[in-house]
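Undergrad: pasted the sequence and its predicted model underneath.
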Amino acid sequence: MNHININAHILSYQCTHNSSFFSSSTNQLPEPTIIKIHTKLPVKALHDSSWFRSTKTKISGNPGPPRSALFSLAYQESQYSLSGCSDWPWSWEPALSWKRAPSSRDKSPGNGTQDQTDTDRRVATARPAAAPEPPKVRHPPNILLLSSMGRSGSSFLGGLLNSQPGSFYIFEPLHSLEARRMLSDAVARETFTQIASCNFTGSLLSGLASEPDFAIRTPSAYSCKHTKKANQTCFDAKKLKQACDKLPIKIIKTIRTRVAWLEPLLRDPRANLLAIHLVRDPRASIISAIERDWNVRPERKCSELEDDLLSGLQLEKLLPGRYMTVRYEDLCEDPYKMARIIFSFLGYKTLPLSTLSFLEKSTAKSDGQTYGIRRDTSKQQQKWRQEITTEQLQGIEEACASAIAAVGFNLFADIGRARNLSVPLYDPAKASVFFPYYGGR
């Protein structure tokens with residue numbers, strides 16, 4: 001086991017309303033590693049086989065009450081780096097050191113533990129085994145659209161992606177599996193691979209059969225038209241397979257998957273997947289979920305959002321060109337521009353005519369449906385600011401302050417500032433950390 005003692009130094013980049021961003025790095029170290037902040041502020045993050053893990057923890061300082069912080073350990077080009085956001089105001093002097101604890105290989109039969117100096121030096125400079133090169137994407141690629149929490153606009157973006165000619169669209173295939181307590185990272189990956197390869201068997205087939213109108217969004221996959229009679233079922237496993245085999249682009253939309261689960265899936269040539277991670281201001285998502293009487297735990301959902309964003313940074317480094325993060329508010333602000341950015345990521349030089357038609361029909365007026373794809377995008381952006389209550393604002397911002405900042409938005413602290421639309425919502429400098437189309441990554 002290895003130990004790193006780190007005193008990080010604060011940079012000028014502001015991470016949240018009263019927060020700072022810090023970063024420090026060292027030469028490569030063998031895994032596993034425990035990170036400890038070398039002040040009276042202990043923080044632990046275990047380093048896994050993909051060379052990355054993050055942790056959000058409560059830390060206590062003097063002066064002041066317990067503070068929250070978000071840290072990540074990343075490996076790139078023979079260096080480890082520790083970075084994160086924290087809301088204490090003072091600076092630290094940079095200081096970095098590490099030592100390796102003795103292992104059984106270091107003991108000799110006669111005199112116990114050998115001198116570690118040379119061993120430590122060799123271990124510290126040894127390069128870990130390189131990850132295998134990912135298979136090249138075959139065009140057109142299949143698409144996994146995921147959101148860290150519900151009510152983030154994934155139904156709308158899913159409809160936009162489904163406007164591509166030749167699309168086969170499955171909506172929330174993990175819904176029934178989660179209800180039956182069968183969901184895990186391995187189950188999710190296998191389910192997505194099955195869809196991408198049109199292998200409708202087992203729990204995937206039974207789940208789709210249990211809620212076909214909810215999950216199957218491709219008309220040619222049904223045995224009858226949507227003008228069916230009451231209580232008439234149109235699900236047909238043979239038709240489903242035929243439609244999937246015929247249509248080259250498989251689109252999967254889910255809010256029940258973590259970004260940390262994706263690396264093996266994106267490396268799997270059977271899936272031939274690109275991943276788009278859609279995020280939204282947590283205040284807007286949570287308010288929308290509350291309006292629909294969903295059981296939402298803001299602190300848990302925002303912690304998952306932060307974990308997903310940090311996992312996404314590492315995934316982009318490991319598999320460039322296979323993963324993209326998109327902010328819903330940017331899609332609302334300029335849907336045509338964002339559609340061009342997203343479709344360029346998918347390999348298009350221009351938007352298909354069917355996609356332009358979708359945008360024209362779908363961005364002028366909302367249809368008001370829970371999973372609807374038509375919405376007045378110009379009004380969706382900050383609608384929640386006029387609907388949130390004082391109690392909701394205080395509770396969500398307290399639970400989600402660092403997540404709100406990570407997505408690139410300002411905190412309001414009081415209802416008057418939230419209602420006042422002249423007070424800016426956006427902080428472009430923050431957004432550049434996670435959203436590549438802003439540049440300055």
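TA: All right, it came through fine. Since this is a predicted model, take the numbers as computed values, not measurements.

Undergrad: mind jotting down where the strands sit in the stretch 101-250 of the chain?
TA: Using DSSP state E, counting those that start in this stretch, the strands found in the stretch 101-250 of the chain span residues 107-108, 112-113, 142-147, 167-171, 249-254.

Undergrad: pick the most deeply packed of those strands.
TA: Highest mean neighbour count among the strands of the stretch 101-250 of the chain (mean count of other C-beta atoms under 10 Å): strand 142-147, with a mean of 25. (C-beta placed from N, C-alpha, C; glycine too.)

Undergrad: can you give the contact residues for it?
TA: 153-154, 157-158, 161, 192, 196, 249-255, 257, 259, 262, 265, 271-280, 346 (C-beta atoms under 8 Å, 6 or more residues apart in numbering).

Undergrad: please repeat the previous calculation with a cut-off of 7 Å.
TA: With contact meaning C-beta atoms under 7 Å, 6 or more residues apart in numbering, strand 142-147 is reached by 154, 157-158, 161, 192, 196, 249-255, 257, 271-279, 346.

Undergrad: out of the strands of the stretch 101-250 of the chain, flag the one nearest residue 181.
TA: Among those, strand 249-254 comes nearest to residue 181, with 16.9 Å by C-beta to C-beta.

Undergrad: tell me the helix or strand right after the closest one.
TA: Using DSSP states H and E, the helix or strand that directly follows strand 249-254 along the chain is helix 263-267.

Undergrad: for that next one, packing partners?
TA: helix 185-196, strand 273-279 (3 or more C-beta pairs under 7 Å, 6 or more residues apart in numbering; DSSP states H and E).

Undergrad: in it, what's buried?
TA: Buried residues in helix 263-267, counted by 16 or more other C-beta atoms under 10 Å: 263, 265, 266, 267.

Undergrad: against residue 320, how distant is the first one?
TA: As for residue 263, its distance to residue 320 is 13 Å (criterion: C-beta to C-beta, to the nearest Å).

Undergrad: so who does the nearest residue to residue 322 once chain neighbours are set aside touch?
TA: Distances taken as C-beta to C-beta, 6 or more residues apart in numbering place residue 266 nearest to residue 322, at 4.8 Å, with adjacent residues excluded. By C-beta under 7 Å, 6+ apart, the contact set of residue 266 is 134, 273, 275, 319, 322, 323.

Undergrad: pick the one among those closest to residue 413.
TA: Nearest to residue 413 among the contacts of residue 266: residue 323, at 33.7 Å, using C-beta to C-beta.

Undergrad: okay, now that closest one: neighbour count?
TA: Counted by other C-beta atoms under 10 Å, the residues lying close to residue 323 total 26.

Undergrad: nearest to residue 178, of the helices and strands packed on helix 263-267?
TA: Among the helices and strands packed on helix 263-267, helix 185-196 sits nearest to residue 178 (C-beta to C-beta), with 9.6 Å.

Undergrad: can you list contacts of stretch 285-303?
TA: With C-beta under 7 Å, 6+ apart as the criterion, stretch 285-303 contacts 56, 149-152, 282, 370, 384, 387-388, 392, 395-396, 399-400, 403.

Undergrad: and stretch 213-228, by the same measure?
TA: 162, 168-173, 175, 208, 232, 234, 236, 239-240, 243, 247.

Undergrad: please name the nearest non-neighbouring residue to residue 178.
TA: The nearest residue in space to residue 178 (C-beta to C-beta, 6+ apart) is residue 256, at 5.5 Å.

Undergrad: now the lengthiest helix in the chain against strand 142-147, angle please.
TA: For the chain, the helix with the greatest residue count under DSSP state H is helix 298-318. Per axes from the mean of the first three to the mean of the last three C-alpha atoms, to 10 degrees, the angle that helix 298-318 makes with strand 142-147 is 150 degrees.

Undergrad: which positions in helix 298-318 come out as buried?
TA: Applying 16+ other C-beta under 10 Å to helix 298-318 flags 298, 301-316, 318 as buried.

Undergrad: mind checking how far residue 254 is from residue 151?
TA: According to C-beta to C-beta, residue 254 and residue 151 sit 14 Å apart.
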